[in-house]
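Q: Mind looking at a prediction? Sequence and model below.
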Amino acid sequence: MLSFLVFLPLIGLLLIWGSPARFARSINVLTCGVALVINLILAFGMKTWDGYSHYVQVDWISAIGVHYEIGVDGLGMVLLLLTTFVSLVSAIASWRIEKYQRGYHMMFLLLLTGMLGVFVALDLFLFYIFWEIMLLPMYFLIGIWGGPNRKYASIKFFLYTLAGSVLLLAGVLITVFQNATDTGLVWSIVELSKTASVSGDLVAGGVGLFCFIGMFIGFAVKVPCFPFHTWLPDAHVEAPTPISMILAGVLLKMGGYGMIRIAWPFFPDAAAVMGTAIAAISVIAIVYGAFVAMGQTDFKKMIAYSSVSHMGFVTLGLVAGTPEAINGAMYMMLAHGTISAMLFMIVGVIYDRAHHRDMDRFGGLAWNMPKYFVLASFAFFASLGLPGMSGFIAEFTTFTGTFASHLVDPVTGDVIYSYRWAAFAALLGVVLTGAYYLIALQKIYLGKTPKVYTDPKTYPDVSLREKLVLVPLAAVTLWMGVMPAVFMDMYKPFTDDLAVTITNAMKAMGG
Amino acid sequence: MDFSSIIPVALVTLGLLGVIIADLLGKGQKPIVPQAIAVLALLAGALSALGLEQSNDTVLGVLRPDAFTVIFTVFFCVVGAMTIIATTRGEAFRSPGGEFLSMILASVIGMAVLTMSVDLICLYLAFETVSIPSYVLVGMRRADPKANESSLKYVLFGAVSSALMLYGLSFIVGLSGGTSLDAVAAAVQNGAGSQPIFVVACLLVFAGFAYKISAVPFHFWAPDVYAGAPASVGGFLAVASKAAGFAALVRVVAAMTPEGVGDAADPMGQLLPEANALIVIIAVSAIITMTFGNLAALKQREIKRLLAWSSIAHAGYIMLAVTVWSPYALQALIFYLIAYLFMNIAAFFIAGIAIREMGTGELRSFRGLMTSNPGLAVFMAIILFSLTGLPPFFGFIAKYHVFYAVFEKGYIWLGVIGLVNGVISLYYYARVVAYMFLDELEEGEAPPSIRMSLVDKVFCAVTVIPLVPLGLFWAPIWEWAQASIPAVLGL
Amino acid sequence: MTFADIHLTGLLPTATVGLTGYLVVAAAVFSAGLVTVMARRNAVAILIGIELMLNAANLNLVAFDRFGPLEVNGQLFALFILAIAAAEAAVALAIVLNVFDARDRIDVDQIDALKG
Amino acid sequence: MLTLALLILIGPLVGFVLQSLFGKKLPRQGDWLTVIGIGVSLVCSIWILFSMWLGDATPFKASWDWFQMGAGDALSIGIYIDGLTAVMLFVVALVAFLVHVFSIGYMHGDPKYWQFFAWLQMFSFSMLVLVLANNLLHLFMGWELVGLCSYKLIGFWSEKPDPANAARKAFITTRIGDLGMMVAAFAIYAACGSFDFDKIFAAVESGNFDSFWLGMAGMGLFIAAVGKSAQMPLHVWLPDAMEGPTPVSALIHAATMVAAGVYLVGRMMPMLTPDVLTVIATVGATTGLMAGLIALAQDDIKKVLAYSTVSQLGYMFLGLGTGAWHAGLFHLTTHAFFKALMFLGSGSVIHACHHEQDMRKMGGLWKKLPVTGTTFFIGVLAIAGLPFLSGFYSKDAILAGAYGRFPHLFWIGLAAAVLTAFYMMRLFVMTFMGKPRDQHIYDHAHEGGISMTLPLIVLGFLAVVSGWPFLGWNTKLLDPSSMGQVLAMPTILSYEQEHASNIVAVVMPLAIAAGLIGLFLGWLVFGKGADRVPALKKPFRWMEVAFQNKFWFDELFRELILKPGYAAARFCTLIDSVGVDGAVNGVGKGGVKSGRGSAWTDNFIVDGLVRLTGAICQVGGSIVSTLQSGRVRMYLSLSVGVVAITLVLRWLL
């Protein structure tokens, strides 16, 4: 059933190939819808959130011990739901794509398969294949249907992610053959993380550190963490609206998912050693991202940098290691998924009308596009972490966790490890986020309306299709803000015992 | 003394004779007849090689028909057949094609013998039988000034490097007191390897092989020759003669490293393997070849030159497998060559068609190919992304095995350099794709119109489409390659 | 008086020339060939240089055969080299002729259309 | 009790949802709907108040599990009603109700009439959530929602740029304050694993709360209170917030939101350490004095009231800081009534003078606006602390508390009391007494409708009545002992200690004298229509300028925080896209540009180190391809040369 879900988009793809171009977009929306429904059925079908349900393990390449092993636990399922939901919404949003419709929707579904595959793959080899399958459709989606400077943006995206995943491959290879049992290579993530939780790092010493850094960079490029983020603004500015919705909504979560599922569990000690460095990077990402976002004039670029800033919380939470922190990191991924998708749709709405994204040229849009203003301010306030919406819960939990990760040696009283400095530094980011969002809100929506934006024909209020995209996203953000327990219980079993391994590793390192 | 082992070679020679006779007799008949004879002869050679029962005892003390040879003989026959089919419509060859076919067959015979030979004399003889026909092949279109120039360069470069090799071989023969590889192995066994003169000899011998596989110090001829020669000949050189070079190199290196395999106990983190003099030279050359190949390719504006530099880069990756010298590595080498065969033949073939239809190989002329000929564009994209080594394709698995071998032996930095080279290669491969898919045509500029005959389409399909399924289900090829390793290492 | 008789008379210096002597001569010939290959601009002159290098290898082989444990293989190898060198020269000259027809001069440095 | 509490919340929530969805289409644009919404919560809060006042005052608790954050037990969300909450509920609900009624008249004819009422409802809902919260997280959510609503309401007329800037400034300044609250919440959670008040106080009691971080938590809470209740130095947003409609100022910036800070400090009193309390007291006192001085020099009627609020809040913090818990909160309630009264009064004045806010254009309006005038006068007397009015009892209690603990703060408080009376009298005289300065305004001034006068009358009545001690509601509901063990127990003064006879004997007369002197001076100086204090003209000119420019806080704020912030933003943007890639530009323009045939296309020069590596590859590529010169002899010599070099190297090594 799970593999049916993963390969359903391929069926859709073949359907589109067969049918005339007109039906391409409706088939796409239909497939995404069916995928969401199946996903919900699977979710309700899961007995416990703890173990791996819908587990399938079939021999694929016996020569090197690789299995087609897929399964989904709470962690995987919650991200799967996010993926199917965001891609359904993006499919609706890509209703207005005119150029090579058939090609676009086929690439879209190929991308969807890649994404679904990554979240269910439990075999390192299979994971890596799905991880890279996504690159190709993204390259073409940004490259062909993107904005004026798309050629540069797409190749930069491709080069960046490929360089990252090449390092990831190096790390994976060394890990796998160092842990080869006598019966052959062990590729299954489940077994490897079990051994790691028992006997510490899978590869000891300097090489182990190299593997961890390789994997970390591989995932950090996707998150994107501070030094590796320069591809994100270009990719977002050039990508068409639905694609940047998917890129921000789901693709950025892959990096975080990879870290939580693979990098940290495999190398808890190396992670502890690198803890302070990664915390520093995340804090820089949060504060530096916010500052750069404040300095932007391009609306979409501002939101791209705000994503860099928000995703800094994910790595911060992960490094802090307390159950609350990792819970917060995971929740930030979900929250940021829906909120950033909504933000990009809002940019898309005004871009479709004004065909430019320069914030300074906008003004007073609120007065003759009231519904649009309500949705936009909802998204803005959700993103700057207003309570009642998912952003706040995520930020608050991550901060509480980072603050709580503070161990004092009872005897000597000196501090074994503490990430409170990171929490304090990151707090500045919260204010800055508030500042640049409100500045943007004022520049674009408030103040007097330049004449060009007043006539309703060229600047109509939000259309039904756009509402069909924005309202569900807003509803989910609100639902996640008011009742977080529904989602947290899904992934908490996994994150809690990951927290235990990390805190033990940190204690061991410090003590 | 049974001669059953040389049946495949014999069949191909028969084919050669058949072609020459057909060429003499039938003045007026269509060129299809000699081509059919040639292709049939090659297929027969391949099938008989498969049927051959491998044995380690040598024929006349010179040829050893072990499993290693079988694989490569099949490999060469298949490549030869493909090249012939690829140029069926090539009106570039005004003559009824007799010369072209006979040269190809001669070259294939040389390659088959080269992989079989375990004697230095026979090795040199086969080496030259491969090179000389390829000089002719390159210069086949006498009217075309570029062909002349490239064949001249090819001849001069080939002759000099084979002379260097020969000089090296003479010393090795002298030192080891025998011309057979066993004698050389015995000499190395009892310490001949450490003499300085032996190291010099190794370097000189490496010159010959470097020329054949276009490794760095002796790679200069490749870009000019591939650009000048007709595309299918370029493909033949890039795949077949390179594979032959590697097969012979493996035989020689096997002779050089008698005492088991591998080197220092735990080389974790070392940069270069130091099994013996030849391996060190190859390792250094491998790194430089990869980097040079990829860097230069960044600058290329013409499809054939780009493919030339990319084949140099791929030679570098394969040399990595040779330097690591573990059974897994050799298996990866063979696997990589097979993958490389599919990718490169198809690439050169499509380049050939494009140049024939559009007149130039300039990358800019490919703009807007997606609109005019989406099928070809998708095929080319699959080839290029497979050459880069992206997962769903065959190329990724080939590279994966090579780098797995490198990392398994612990040469982490060597592996990282290789992987980074892979990333650089993405840039120029994706640039071609970008020209085809991403570029908008200014108005008034017509997209390239490429008419492909049925044979062309079928050929493309046969070579390109397997790149995807083979990328996911490649186990049978892997087992097939595994069978040949004990033979060549057991010596 | 044949050469052999002169030899027997002991008038000529009869110090036998060892293996190294031959190797040195071969090395000299080899480097001469190498220099001509690199120095001369005329294609045919380069071919001559290559022939010199091949003959140096021949000399080496024959010397090793005379002094080393090789029964006859050395000379056999030399014979093969001669044959192959001839074939190679033939093809090379044909190509050079081809180039000469096209450009009526074979100065190697002028032939650099393919570059970059 | 639970149903009542839930009704209080549901009323405004339903009101908000219905109004925001259908407001435009409802008859009278749905103002009646919102009035009913807030009316429901007013009735329930009155019910709770009386049941607590007359019946038993045992705190009522109810909580439900919300979500499990980490390993500990699940975080709860729930209701906690004790005496303090009952009082606050009544104050908030009443003032909100009256403001709703007042706005019907005031906002009549505004194009976005229905939106105003929607956001008023949302504001009341979030304020009630804040008051009813039983844990810090739940309170913090109410806290930020209140911030949002104040942003929306201040920026209600954001067609014009000033309200939009004011709203943004308010939101960001309070958010800076909120950082303090977040730090406090995290420190608390790190120590006792939960946010519930009773668990926190239990942890503080059991002593396993590390003293340094307990102090940090206390300071954090106070910083949040400073941000929200506009104490120095985070008060800069309150005067600008006057850009919003007057009912908003009345509701938010007189009674409810600004009081939230005082409520927070009052609620968390058990965990505040003694030195945090001293900080609160000193900041309160200084703010009181400074705000008073600035209020003296303001000409805009609403700005005077704004600064007077800041000063009165300083008073409340002084009370809480000196341990006079009951006095501080008592003053909060009484102040809410008469300050709301005065704000609404000023609202009706502004409404009458067609949105003219500058006092220098008013004068002698008493005859034109009799009801507003009389009620306003009651407010002025109450705030000045005239005996038998509510202001006197609460302010007197604070001064008594201060006298006991911090004598020097007592004198500052007294000076502030004089000042308060003085500037209040100035305001009253300039607007209502004397000759009208602008005849045109005077002629057209007319009393607002019943919807505007009724709230004034009700508040006037409360301003008088609420203080009387014999009613005893304050002693019963605001009883400090109900808080149980308090960390800084020795400093919390019980009601009796506050009103100990010896202190009262000294403080009472002084307080009354201060009030009277202030009023009399005010009458004397401003009676004849002067708008400035003449004495300050020659020698103390600089003081006049200082008051005028609000001690240059805004300028300081802009120089020290805003300008560097924007500079940092521009700098980082520079780093990200131009600075780091400048290195490449340098490389591009300088050395390599002259490289043979490798023209730099501009799309390689975008950002940073990435392209530096790209550039290096390009340079490498051009080197290798230039080696490929096309001449065979060069190839041969290069190849053989490399072989020769390796031989030589091999020989040497």
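A: Noted; the coordinates are in hand.
Q: just checking, next helix/strand downstream of the lowest-mean-pLDDT helix or strand in chain D?
A: Lowest by mean pLDDT, DSSP states H and E among the helices and strands of chain D is helix D:580-589, with a mean of 39. The helix or strand immediately downstream of helix D:580-589 is helix D:608-627, counting by DSSP states H and E.
Q: now that following helix, how far from the chain's geometric center?
A: Relative to the mean C-alpha coordinate of its chain, helix D:608-627 is positioned 57 Å out (Cα atoms, centre = their mean, to the nearest Å).
Q: how about that helix: buried residues?
A: Residues of helix D:608-627 classed as buried by neighbour count (16 or more other Cβ atoms under 10 Å in any protein chain shown): D:608, D:610-611, D:613-615, D:617-618, D:620-626. All C-beta spots, glycine's among them, are computed from the backbone N, C-alpha and C.
Q: mean confidence for it?
A: What helix D:608-627 shows for mean pLDDT is 80.
Q: That helix and chain B in contact?
A: Yes. Counting by Cβ under 8 Å from any Cβ of the partner chain, chain B has neighbours in helix D:608-627: D:614, D:617-618, D:620-625, D:627.
Q: What helices and strands are in contact with the helix or strand following that helix?
A: Next helix or strand after helix D:608-627 toward the C-terminus (DSSP H and E): helix D:632-652. For helix D:632-652, the packing partners by 3 or more Cβ pairs under 8 Å, 6 or more residues apart in numbering or on different chains; DSSP states H and E come out as helix B:145-176, helix B:196-213, helix C:19-39.
Q: filter the buried residues of helix D:608-627 by proximity to chain C?
A: Here is what survives when these are matched to chain C using Cβ under 8 Å from any Cβ: D:Ser625.
Q: and residue 15, what does it touch?
A: No chain specified, so I'll use chain A. By Cβ atoms under 8 Å, 6 or more residues apart in numbering or on different chains, the contact set of A:Leu15 is A:27, A:31.
Q: meant chain D, my bad for not saying
A: D:33-34, D:36-38, D:121, D:125.
Q: Now list the buried members of those residues.
A: Neighbour-count burial (16+ other Cβ under 10 Å) applied to the contacts of D:Gly15 gives D:33-34, D:37-38, D:121, D:125.
Q: how about the residues you listed in CSV, adding pLDDT?
A: Output for those, formatted as CSV (pLDDT from 0 to 100):
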residue, pLDDT
D:Leu33, 87
D:Thr34, 88
D:Gly37, 90
D:Ile38, 91
D:Gln121, 91
D:Phe125, 92
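Q: and of the helices and strands packed on helix D:632-652, who's closest to D:Val183?
A: Nearest of the helices and strands packed on helix D:632-652 to D:Val183, taken as Cβ to Cβ: helix B:196-213 at 65.8 Å.
Q: Any part of that closest one near chain D?
A: Yes. Judged by Cβ under 8 Å from any Cβ, helix B:196-213 and chain D are in contact via B:196, B:199-200, B:203-204, B:207.
Q: could the residues you listed go into JSON lines alongside pLDDT and neighbour count?
A: Compiled in JSON lines, the residues of helix B:196-213 next to chain D are given as follows (pLDDT from 0 to 100; neighbours: other Cβ atoms under 10 Å in any protein chain shown):
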{"residue": "B:Pro196", "pLDDT": "82", "neighbour count": "11"}
{"residue": "B:Val199", "pLDDT": "84", "neighbour count": "20"}
{"residue": "B:Val200", "pLDDT": "87", "neighbour count": "19"}
{"residue": "B:Leu203", "pLDDT": "88", "neighbour count": "21"}
{"residue": "B:Leu204", "pLDDT": "90", "neighbour count": "24"}
{"residue": "B:Ala207", "pLDDT": "89", "neighbour count": "25"}
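Q: Which of the residues of helix D:608-627 next to chain B sits closest to chain C?
A: Closest to chain C out of the residues of helix D:608-627 next to chain B is D:Ser625 (5.4 Å), distances taken as Cβ to the nearest Cβ.
Q: Am I right that the closest one is in contact with B:Gly293?
A: No. Between D:Ser625 and B:Gly293 there is no contact under Cβ atoms under 8 Å: 11.3 Å.
Q: returning to what we had before: from the buried residues of helix D:608-627, which two are the most distant?
A: The largest separation in the buried residues of helix D:608-627, counting by Cβ to Cβ, is between D:Gly608 and D:Thr626 at 27.5 Å.
Q: ok, which residues in chain C are in contact with chain D?
A: C:34, C:37-38, C:41, C:46, C:108-109, C:111-116.
Q: and if we set it to 6 Å?
A: Residues of chain C lying near chain D by Cβ under 6 Å from any Cβ of the partner chain: C:37-38, C:108-109, C:112, C:114-116.
Q: so which of these comes closest to B:Leu441?
A: Nearest to B:Leu441 among those, with distances taken as Cβ to Cβ, is C:Gly116, at 26.1 Å.
Q: OK, contacts around A:Leu252?
A: A:Met311 (Cβ atoms under 6 Å, 6 or more residues apart in numbering or on different chains).
Q: Just give the number of residues close to D:Met425.
A: D:Met425: 24 surrounding residues under other Cβ atoms under 10 Å in any protein chain shown.
Q: related to what we said a few turns ago, and the contacts of D:Gly15 as a markdown table, adding distance to chain B and secondary structure?
A: Formatted as a markdown table, the contacts of D:Gly15 follow (distance: Cβ to the nearest Cβ, whole Å; DSSP: H, G, I helix; E, B strand; the rest coil):
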| residue | distance to chain B | secondary structure |
| --- | --- | --- |
| D:Leu33 | 56 | helix |
| D:Thr34 | 56 | helix |
| D:Ile36 | 62 | helix |
| D:Gly37 | 57 | helix |
| D:Ile38 | 60 | helix |
| D:Gln121 | 53 | helix |
| D:Phe125 | 53 | helix |
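Q: Can I get these in JSON lines including distance to C:Tyr22?
A: Output for those, formatted as JSON lines (distance: Cβ to Cβ, whole Å):
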{"residue": "D:Leu33", "distance to C:Tyr22": "116"}
{"residue": "D:Thr34", "distance to C:Tyr22": "115"}
{"residue": "D:Ile36", "distance to C:Tyr22": "120"}
{"residue": "D:Gly37", "distance to C:Tyr22": "115"}
{"residue": "D:Ile38", "distance to C:Tyr22": "116"}
{"residue": "D:Gln121", "distance to C:Tyr22": "111"}
{"residue": "D:Phe125", "distance to C:Tyr22": "108"}
